[in-house]
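> Next comes the sequence, and after it the predicted model I'd like to discuss.
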Amino acid sequence: MKKAKIYIPSKTATQSGLGKEDKWILEFESKDTSINPLMGWESSIDTLGEVRLEFTTKEKAIEYAKKNNINFKVIEPNKKKFVIKSYSDNFTNN
């Protein structure tokens, strides 16, 4: 049976905007990975590891997985905590 994970991808360190945080990804877990003896790359005979589906909502991704008999786990995104302070707070010792 196919296994997948549903998640929102995290930003890279060079991104500052929130542009790609609205898409949910359904990504299949690859199995039978091995090291290619000639090149030293990781390879697999499972082509589902290459498939990455994007959905607008988590519910649509879950519905797709249930409809196609895919075992899945949902990885919820971490909530961001913002500390709002003024510029002068950088120089005061509170």
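Good, I have the coordinates.

> For the helix-or-strand element of the chain with minimal mean pLDDT, give me every contacting residue.
Comparing helices and strands within the chain by mean pLDDT, DSSP states H and E singles out strand 42-44 as the least confident, with a mean of 78. The contact list for strand 42-44 (Cβ atoms under 8 Å, 6 or more residues apart in numbering) reads 30-36. All C-beta spots, glycine's among them, are computed from the backbone N, C-alpha and C.

> residues of the next helix-or-strand element following that strand that come out buried?
For strand 42-44, the succeeding helix or strand toward the C-terminus, using DSSP states H and E, is strand 52-55. Of all the residues in strand 52-55, those buried under the rule 16 or more other Cβ atoms under 10 Å are residue 55.

> What is the subsequent helix or strand relative to strand 52-55?
Next along the chain after strand 52-55, with elements defined by DSSP H and E, is helix 58-67.

> quick one: buried residues of that next one?
Under the neighbour-count criterion of 16+ other Cβ under 10 Å, helix 58-67 has 58, 61-62, 64-65 buried.

> Show me the strands paired with the following helix or strand past it, marking each as parallel or antiparallel.
On the C-terminal side of helix 58-67, the nearest following helix or strand under DSSP H and E is strand 71-75. Sheet pairing of strand 71-75 (DSSP bridges) gives strand 3-7 (parallel).

> Please give the centre-to-centre distance between the partner strand and its chain.
With Cα atoms, centre = their mean, to the nearest Å as the basis, strand 3-7 stands 8 Å off its chain's centre.
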